[in-house]
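[1] output the structure for:
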Amino acid sequence: MRFPATANWRTIQPMTSRFNTLIEPAGLADLLGAASAARIIDCRARLGDPGFGARVFAEGHIPGAVLGDLDRDFAAAPGNRGRHPLPDPNGLLERLRGWGINTTMQVVVYDDMGGMFAARAWWLLRWLGHDAVAVLNGGSPAWLAAGLPLETQVANWSRGDFARRPALTREIDAAGLLNNSTASRVDARAEERFAGRKEPIDHTAGHIPGAVCIPAAGNLDATQRFLSRNELAQRFNGLSRELICYCGSGVTAAHNILAMRIAGLDEPTLYPGSWSEWIEDKMRPIATDQ
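    Presented below is the predicted three-dimensional model:
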């Protein structure tokens, strides 16, 4: 159900806590009463359909949200660094300021895929040193299921003062990964892609030798909400304390990183280039389970 933007549903209340992993729909609704309390980024996307996010945003989005595009805003151009390399940090800073985001502001990111794309934006803001960023648990479907509105008008926020600070994240490049013999490598792709039985996206099938397959989709329940802290901790049990996360192009790997942080684990390391970069150098080893 959708409600007009003028619906009387907001509660006027200041932000009293910071959210840095997940936020529930009711918690976000509380924040929306004060324009200075939070900014929302709509991260809905579909691989292979670059116009999807803009279309669904125009049809209706959470009030006050801005549109964040996976390819334009949250990744550099594809190439030998993979399909979704990390964006230029200065360009991302400018985009965040243009969206009216301030250094002290709570940021909430959401999608309609259980956080698979929103987690990338979550990781990137933390990469720029911003701790107060959270993924909407269950995304827009959970928002609507709670009886909360969408709107079609586009917010026009005043320019923000977002400033870069020391990163809260960890990252590693392909050379570093080759030289690291102690960390557990966690692949977030589906098991059939990991095993090399099916590869619908990249030109080479398989996985990085020594990796284990823990698909990001398994972090969610049947309603596309994250499992409990204890259930997530169990998913990653038995791995070394040092974890390196990767996937196809560095996007859904962030979902596993978010799940690990919800579970109370130490900050894992992201290999941003992931499989799509790894296979661009024929000297890098490849494993399959065939």
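
[2] can you list the low-confidence ranges for the protein?
    1-17, 34-36, 290 (pLDDT under 70).

[3] just the strands in the stretch 151-290 of the chain please.
    Assigned by DSSP state E, counting those that start in this stretch, the stretch 151-290 of the chain shows strands spanning 170-171, 184-187, 211-213, 243-246, 269-270.

[4] partners of the first one in the sheet?
    This points to strand 170-171. Counting by DSSP bridges, the strands paired with strand 170-171 are strand 269-270 (parallel).

[5] before we move on, what about the fourth one?
    On the basis of DSSP bridges, the sheet neighbours of strand 243-246 come out as strand 184-187 (parallel), strand 269-270 (parallel).

[6] next, format those as CSV and append mean neighbour count and distance to Arg83.
    Where you see a C-beta, it was placed from the backbone N, CA and C, and this is true even at glycine. Converted to CSV, the strands paired with strand 243-246 look like this (neighbours: other CB atoms under 10 Å; distance: least, CB to CB, whole Å):
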stretch, mean neighbour count, distance to Arg83
strand 184-187, 23, 15
strand 269-270, 24, 15
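
[7] of all those strands, which lies closest to Val66?
    strand 269-270 (24.2 Å; CB to CB).

[8] report the beta-bridge partners for the closest residue in space to Tyr271 that isn't next to it in sequence.
    Of all residues not flanking Tyr271 in the chain, Tyr246 sits nearest, at 4.1 Å (CB to CB, 6 or more residues apart in numbering). In this entry, Tyr246 is beta-bridged to Asp187, by DSSP bridges.

[9] quick one: residues contacting Tyr246.
    By CB atoms under 8 Å, 6 or more residues apart in numbering, Tyr246 lies in contact with 185-188, 208, 211, 253, 270-271, 273-275, 278.

[10] which helix or strand contains the residue most central in space within the chain?
    Centroid check for the chain by CA atoms, centre = their mean gives Ala119 as the closest residue, at 1.3 Å. Secondary structure from DSSP states H and E places Ala119 in helix 118-127.

[11] so which elements touch that helix?
    Packing partners of helix 118-127 (3 or more CB pairs under 8 Å, 6 or more residues apart in numbering; DSSP states H and E): helix 89-98, strand 106-110, strand 133-136, helix 253-262.

[12] the second one vs helix 118-127, what angle?
    Right, the one you point to is strand 106-110. With axes from the mean of the first three to the mean of the last three CA atoms, to 10 degrees defining the directions, strand 106-110 sits at 150 degrees from helix 118-127.

[13] so the residue nearest to the centre of the chain touches Ile262, yeah?
    No: between Ala119 and Ile262 there is no contact under CB atoms under 8 Å: 10.8 Å.

[14] one step back: export the strands paired with strand 243-246 to JSON lines and tack on distance to Gln224?
    What follows is those, written out as JSON lines (distance: least, CB to CB, whole Å):
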{"stretch": "strand 184-187", "distance to Gln224": "21"}
{"stretch": "strand 269-270", "distance to Gln224": "23"}
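
[15] so which of the ones you listed is nearest Ala76?
    Comparing the strands paired with strand 243-246 against Ala76 with CB to CB, the closest turns out to be strand 269-270 (15.0 Å).

[16] chain center to that closest one, what's the gap?
    13 Å (CA atoms, centre = their mean, to the nearest Å).

[17] begin at 58 from here
    Will do, 58 is the new start, and the previous item becomes strand 326-327.

[18] reformat the strands of the stretch 208-347 of the chain as JSON lines; add distance to Arg75.
    Output for these, formatted as JSON lines (distance: least, CB to CB, whole Å):
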{"stretch": "strand 227-228", "distance to Arg75": "21"}
{"stretch": "strand 241-244", "distance to Arg75": "27"}
{"stretch": "strand 268-270", "distance to Arg75": "33"}
{"stretch": "strand 300-303", "distance to Arg75": "24"}
{"stretch": "strand 326-327", "distance to Arg75": "22"}
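
[19] how about Pro329: what's its closest non-neighbour residue?
    Gly307 (4.3 Å).

[20] got it, and Leu315?
    Counting by CB to CB, 6+ apart, Leu315 lies nearest to Ala176, which is 4.7 Å off, once chain neighbours are set aside.

[21] many thanks, have a good one.
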